[in-house]
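Trainee: Model the following, please.
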Amino acid sequence: MITQQYDLTSKITFNVPAKCSNYIEVSSDEQLLEALDWARQHSQQLLLLGGGSNMLFHKDFDGLVIQISHKGIDVINDDGRFVDVEVGAGENWHEFVLHTIDNGWGGVENLSLIPGCVGASPMQNIGAYGVEIIDVLLYVEAINLNSGALKRFTVEECELGYRDSIFKGREKGNWAIVRVAYRLDRESDLKMSYGAIEDELTGIPKASRTHRDVSNAVIRIRQSKLPDPSKIGNAGSFFKNPIISKEKFEDIVIHHSEIPSYPQNDGSVKLAAGWLIEQAGWKGHDRKTHGVHHKQALVLVNKGGATGAEIWALAQDVIDSIEGKFGIRLEPEVNQIR
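Mentor: Okay, the predicted model is just below:
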């Protein structure tokens, strides 16, 4: 059922005030197709909503917001080691990760506690602590918003990049992801060298460490650094870690020898956006209703009462500051709804 003048504030983790002209929640392909048909009949702009964890509304949305709430976790193949699992796009991501750990399936434990829903995982190519969705993705099923046709995208067809995909790029606004399939591995190697994971696991002998141990370590690390969206409005990492040329990196390191860097396979270098922001003096920056988190400079927060436009103005100030100091222009990871 379509609800008019719907208040979206509780649906988005930034907790900024936002309404939409019309709203509907769908939990099946049939319901989605009916909503798309209604939108065409009433000449409505469309906006798809999952967990609301990666959006910043600058103003109200004049159109139909469709919340994708497809559920289900189904094993479609199991050879004793590898398990192929198809998951509804509306499943909570972290709860799905816990489900894989409970069943002894490895591959996504490093992605514990990432906010949002399963449908966002291939769209953003989510990643953390040395793991990205591309490492386990099998396929994506999506419905074309114009024709209503269902298509299964292979990993290659998803065109995954760093926090990017075909669904955010050249096909943005054309598809609704409804199901995602992953190939998980009961015997997958534990990835423990990234960040502070190894430090968290020092009390557990390496030979006896499990996927659950890694997940618990990641959860402790994230909880120690990142604000809980249920207590303070935020969307996690607001900025992407910039990837620059080797030549540009060599120029920067002359003046900033301590800069953290991560060489990429193509010769480019990834930098830590949080470090750049902290070096420019923004960590803990306070504008009363909003600011930069005091523990993690990558995170912008709504302390209460801020608008999306105010948070975006802060983001722009941070971006301009980093460009002035380092010659690097940061890109937002959070989707802007203007």
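
Trainee: element containing the nearest residue to residue 179 once chain neighbours are set aside?
Mentor: On the basis of CB to CB, 6 or more residues apart in numbering, the spatially nearest residue to residue 179 that is not a chain neighbour turns out to be residue 141, at 4.2 Å. Backbone N, C-alpha and C define where each C-beta goes, glycine included. Element membership for residue 141, per DSSP states H and E: strand 137-144.

Trainee: Please apply the same query to residue 31.
Mentor: Assigned by DSSP H and E, residue 31 falls within helix 29-41.

Trainee: what is the mean pLDDT for the helix or strand just after that helix?
Mentor: Later in the chain than helix 29-41, the nearest helix or strand by DSSP H and E is strand 46-49. Per-residue pLDDT values over strand 46-49 give a mean of 97.

Trainee: Let me see the ranges of the helices in the stretch 151-300 of the chain.
Mentor: Assigned helices in the stretch 151-300 of the chain, in chain order: 197-200, 211-225, 246-255, 273-279 (criterion: DSSP state H, counting those that start in this stretch).

Trainee: Mind listing residues that contact the shortest one?
Mentor: Right, helix 197-200. 110, 129, 191, 192, 214, 217, 218, 220, 221 (CB atoms under 8 Å, 6 or more residues apart in numbering).

Trainee: Report all helices and strands that the helix holding residue 31 contacts.
Mentor: Judged by 3 or more CB pairs under 8 Å, 6 or more residues apart in numbering; DSSP states H and E, the packing partners of helix 29-41 are strand 19-26, strand 61-68, strand 137-144, strand 175-185.

Trainee: Dump the last one to PDB, restricted to CA.
Mentor: It stands for strand 175-185. Backbone C-alpha positions of strand 175-185 (Å, rounded to 0.1, in the frame of the first residue of the first chain) are rendered in PDB as follows:
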ATOM      1  CA  TRP A 175      18.100  -1.700 -11.600                       C
ATOM      2  CA  ALA A 176      16.700  -2.900  -8.300                       C
ATOM      3  CA  ILE A 177      18.800  -5.600  -6.700                       C
ATOM      4  CA  VAL A 178      16.500  -8.300  -5.300                       C
ATOM      5  CA  ARG A 179      18.800 -11.200  -4.500                       C
ATOM      6  CA  VAL A 180      22.500 -11.800  -4.100                       C
ATOM      7  CA  ALA A 181      24.400 -15.100  -4.200                       C
ATOM      8  CA  TYR A 182      27.700 -15.800  -2.500                       C
ATOM      9  CA  ARG A 183      30.200 -18.700  -2.600                       C
ATOM     10  CA  LEU A 184      31.400 -19.400   0.900                       C
ATOM     11  CA  ASP A 185      34.100 -21.800   2.000                       C
END
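
Trainee: Under the pLDDT cut-off, which ranges of the protein? List them.
Mentor: Segments of the chain classed as low confidence (criterion: pLDDT under 70) are 195.

Trainee: longest helix of it?
Mentor: Taking residue count as the measure and DSSP state H as the definition, the longest helix of the chain comes out as helix 308-326.

Trainee: Would you agree the residue nearest to residue 179 is in contact with residue 151?
Mentor: Yes - shown here, residue 141 and residue 151 form a contact pair, counting by CB atoms under 8 Å, at 7.3 Å.
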